[in-house]
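Participant: I'd like to go over a predicted model; first the sequence, then the structure.
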Amino acid sequence: GGVIRDPLGTGLGAKPICNTDVFCFAPPDTPYESLPPGVLHPRRVMRGVVAGVRDYGNRMGIPTVNGAIFFDPRYLGNPLVYCGNVGLLPVDKARKNPQPGDLIVVVGGRTGRDGIHGATFSSAELTSQSEEISGGAVQIGNPITEKMLVDVLLEARDRGLYRAITDCGAGGFSSAVGEMARHIGAVVWLDKAPLKYEGLSYTEIWISEAQERMVLAVPPECWPELHQLCASEGVEATVIGEFRPTGKLELFYHEHQVGELEMAFLHGGRPAIVRKATYKPQDGKPLTLPPRWPPDYTPDLLRILSSLNVASKHWVIRQYDHEVQGGSVVKPLVGRENDGPSDAAVLRPRLDSYRGIAIACGMNPCYGDLDTYWMAASAIDEAIRNCVAVGADPERIALLDNFCWGNTDRPETLGSLVRAALACHDFAVAFGTPFISGKDSLNNEFRPAGSDQTICIPPSLLISGLGIVPDVRRCVTMDLKEPGNFLYLVGVTREELGGSHFALVNKLTGGWVPRVDAETARRIFRAVHQAISRGLVRACHDLSEGGLAVAAAEMAFAGGLGARIFLAQVPYELDVPAEATATVDNWRQKLPEADIHPLSAWPAAIPILLFSESNSRFLIEVRPENAPAFESLFQGLPCTLVGEVVENPYLEIVGLPAPQTDNFAEEEPPVTAPLVIRASIAELKAAWQQPLDW
């Protein structure tokens, strides 16, 4: 409810057109006996959160079109729920302008005790007693009331019946009136506020965060028409004060003054807090990747596909209405059977236009365990490339940041937050993608009863991307379309397995987090967008969790087609060990006619090429007749033909060509490239769908 009211309180009110949701939970298979007192089981928490989002969004008639779910044991005491909303606002309704003499009008739901100190509670350390002590801090929502509120306010906006609007969010009336009256002053009669029940003190009325309430600045001459409009729609509207040019905030309760503050003090009187932040760079050590013979990485791929952070979230997605309002172009699930993972959602907000918007997100808390700067940079790159992958113009993308962190009183925790914020600045500038909104929630820690240690969430930064799609008829999805088409890999693969899903399923630590070359990335994004805009692309999928192998698998089973990919063609930048290079040189001297790859003697190269999560990469399907035009757009950029779409329903990834024996004396050994992955698309899809098929 709150994120829907935020756009409604932006400017003079934006029409909500879609919702997003990103959740962070502890694993649903957490043993019950391991739960600290006062902690609900993650499966129960997840079911309740999903039900709440479903109930509110569906009843409001707003499509929920994009999101993600992350699992980590450290979210046990503090699950995270990031909900978002996109609104459509006429340009001439973008400015608020409250005037002295305007009436302060509250519209919508009544005020109750629910939600008091909700903002304080959300940034406090939780304990085993939090449910009992702070239960009243949780607001009680009513989507039907909010639906009626939205409809009446949009009509009032178009009639010009108010000059400013804001929602009663954190702090309730105190923040709503305090913000609107900043440059004027206000008198508030708290006894006039409609109440859910008797017995509230004036303090409770002032700070309640009860839902479905908006505060308006209404010219006195417009009040009768607004009141009549609200009454005709069954929405309550009440005058609770007026704006006065006093520079003060004055509160009255039954004609007794109960509060007075200077606006200058309220907004600028508090001194800035100075805290100590420290950061200690971690020593970068490569992952230990033992040689594997035969080099079969099919089990690794299946384990990654079935890992909770990669596995299908269809159980959640299918509970949400993503078609309501009729503007959904690219859905959350796509493909032949509408069960493949879309990179981003595309909406057509106005049905009389083919312009659209793409909505996507980027997040990977595992990277933050190694380096929060590059975690943030990677999340930004992922959000942008997800938008680009469906057809958004990279020059018309805006970002949002949502930080959830631990206790920033600790210098090292604050230092990691500062590092992430610096990356947001640096890459917003580098990509030309402004941050237009965001939020933070700090101190996300849980202290079990009788323990001196807290459970701290991992550094969690959600980056949301919102991009303009010039023509939704040119949008593409990620599922393979036609046998015989070429597959191109765009972008460079590096030894960046730190925090990767390959490392996670194999219990490997260390390594380097993926970095971002913003200059090259920006050129790649432009070229991909041009290719999509010219109709040269049949399918496009970004490489993120699980790297090339997972992207290829998802494209294959989403399209119901097979694919054959050759690792020898993958563009790479790798520091090859000297001994491996020497071995390859020796092979080439003895077999001068053989096609031996420079990485063939380095066993670690195969898992790196398969599963590295290097940024700014795409796997793109192109028809053979469009290949020359497509390749011309990528001159000077890392882009190679790595495979093709096949009718045989198998994913086959061919390794690096090398001699299969070192016995050069008797006869020339065969130089072959073994299959390093072979699996049917049915097996791949089953591994991906089953873990959360509740």
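Facilitator: Looks like it arrived, so ask away.
Participant: what's the local residue count around L266?
Facilitator: In terms of burial, L266 registers 16 neighbours under the definition other CB atoms under 10 Å. All C-beta atoms are positioned from the backbone trio N, CA, C, and that covers glycine.
Participant: residue contacts, it?
Facilitator: Each residue near L266 by CB atoms under 8 Å, 6 or more residues apart in numbering is listed here: G178, R182, L249.
Participant: which SSE is it in?
Facilitator: L266 is part of helix 263-268 when elements are defined by DSSP states H and E.
Participant: buried stuff in that helix?
Facilitator: Neighbour-count burial for helix 263-268 flags M263, L266 (criterion: 16 or more other CB atoms under 10 Å).
Participant: which other helices and strands contact the helix or strand that that helix is followed by?
Facilitator: Sequence-wise, the next helix or strand downstream of helix 263-268 (DSSP H and E) is helix 298-305. If you count contacts as 3 or more CB pairs under 8 Å, 6 or more residues apart in numbering; DSSP states H and E, helix 298-305 packs onto helix 501-505, helix 547-559, helix 605-611, strand 675-680, helix 681-689.
Participant: switch those over to TSV; also include mean pLDDT.
Facilitator: Putting the helices and strands packed on helix 298-305 into TSV (pLDDT from 0 to 100) gives the following:
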stretch	mean pLDDT
helix 501-505	97
helix 547-559	99
helix 605-611	97
strand 675-680	97
helix 681-689	98
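Participant: to G284, which of the ones you listed lies closest?
Facilitator: For these, the distance to G284 is smallest for helix 501-505, at 13.8 Å, taking CB to CB.
Participant: so the residue nearest the centre of the chain: helix, strand or coil?
Facilitator: Per CA atoms, centre = their mean, the C-alpha nearest to the average position across the chain is that of C361, at 3.1 Å. Under DSSP: H, G, I helix; E, B strand; the rest coil, the three-state class of C361 is strand.
Participant: again, but for V346
Facilitator: strand.
Participant: quick check: chain neighbours aside, which residue is closest to P434?
Facilitator: Nearest in space to P434, with sequence neighbours left out and distances taken as CB to CB, 6 or more residues apart in numbering, is A398 at 5.5 Å.
Participant: what's next to stretch 217-231, contact-wise?
Facilitator: If you take CB under 8 Å, 6+ apart as the criterion, stretch 217-231 is touched by 96, 98-99, 101-105, 107, 152, 155-156, 159-165, 180, 216, 236-237, 239, 243.
Participant: which of these fall within strands?
Facilitator: If you go by DSSP state E, the contacts of stretch 217-231 have L103, I104, V105, V107, A164, I165, L216, A237, V239, F243 in strands.
Participant: burial count for the third one?
Facilitator: Spelled out, it's V105. 24.
Participant: between the ones in strands among the contacts of stretch 217-231, which is closest to H322?
Facilitator: I165 (28.0 Å).
Participant: gap between that closest one and D339?
Facilitator: Per CB to CB, to the nearest Å, I165 is found 41 Å from D339.
Participant: those two: which is more packed in?
Facilitator: Comparing I165 with D339 by other CB under 10 Å, the one with more neighbours is I165, at 26 against 18.
Participant: does that one have beta-bridge partners, and which?
Facilitator: L216 (DSSP bridges).
Participant: out of the contacts of stretch 217-231, which end up buried?
Facilitator: 96, 98, 102-105, 107, 152, 156, 161-165, 180, 216, 236-237, 239, 243.
Participant: for the helix holding L266, the distance to its chain's centre please.
Facilitator: 35 Å (CA atoms, centre = their mean, to the nearest Å).
Participant: restricting to C-alpha, output it in CSV.
Facilitator: Included here for helix 263-268 are C-alpha records, laid out as CSV according to Å, rounded to 0.1, in the frame of the first residue of the first chain:
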residue,chain,number,x,y,z
MET,A,263,9.8,25.1,10.6
ALA,A,264,13.4,26.2,10.3
PHE,A,265,14.3,24.1,13.3
LEU,A,266,12.2,21.2,12.2
HIS,A,267,13.9,20.9,8.8
GLY,A,268,17.4,22.3,9.5
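Participant: which residue is the nearest non-sequential neighbour of the residue nearest to the centre of the chain?
Facilitator: Closest to C361 by CB to CB, 6+ apart is S464, at 4.9 Å.
Participant: need the strands for the stretch 101-250 of the chain, in chain order.
Facilitator: Ranges of strands within the stretch 101-250 of the chain are 103-108, 126-127, 164-167, 186-189, 213-218, 237-243, 248-253, based on DSSP state E, counting those that start in this stretch.
Participant: tell me which of the ones you listed sits most buried.
Facilitator: Here the criterion is mean neighbour count by mean count of other CB atoms under 10 Å, and of the strands of the stretch 101-250 of the chain the winner is strand 213-218, at a mean of 27.
Participant: and it, how far out from the chain's middle?
Facilitator: Once both centres are worked out by CA atoms, centre = their mean, strand 213-218 turns out to sit 31 Å from its chain's centre.
Participant: show the average pLDDT along it.
Facilitator: Taken as a whole, strand 213-218 has an average pLDDT of 97.
Participant: and the contacts of the lengthiest helix in the chain?
Facilitator: Identified as the longest helix of the chain according to DSSP state H is helix 411-431. Applying CB under 8 Å, 6+ apart, the set of residues contacting helix 411-431 from outside is 275-280, 368, 371-377, 380-381, 384, 394, 397, 399, 401, 403, 405-408, 433-435, 442, 456, 459, 461, 463, 516, 518-519, 521-522.
Participant: for ChimeraX, write a command that selects the buried ones of those.
Facilitator: Buried members of the contacts of helix 411-431, identified by 16+ other CB under 10 Å, are gathered into one ChimeraX selection as follows:
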select :279,368,371,372,373,374,375,376,377,380,381,384,394,397,399,401,403,405,406,408,433,442,456,459,461,463,516,518,521,522
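Participant: in strands, which of the contacts of helix 411-431 appear?
Facilitator: Judged by DSSP E, those include I397, L399, D401, F403, F435, C456, L461, I463 as members of strands.
Participant: which ones are touching the last one?
Facilitator: Read that as I463. Under the criterion of CB under 8 Å, 6+ apart, the contact list for I463 reads 361-363, 376, 379-380, 382-383, 399-402, 424.
Participant: pLDDT score for S130?
Facilitator: Per-residue confidence (pLDDT) for S130: 52.
Participant: what's the answer for E146, then?
Facilitator: The predicted local distance difference test score for E146 is 93.
Participant: isn't it right up against E212?
Facilitator: Yes: contact criterion CB atoms under 8 Å: E146 and E212 qualify, at 4.7 Å.
Participant: list the contacts for E260?
Facilitator: With contact set as CB under 8 Å, 6+ apart, E260 has these partners: K248, L249, E250, L251.
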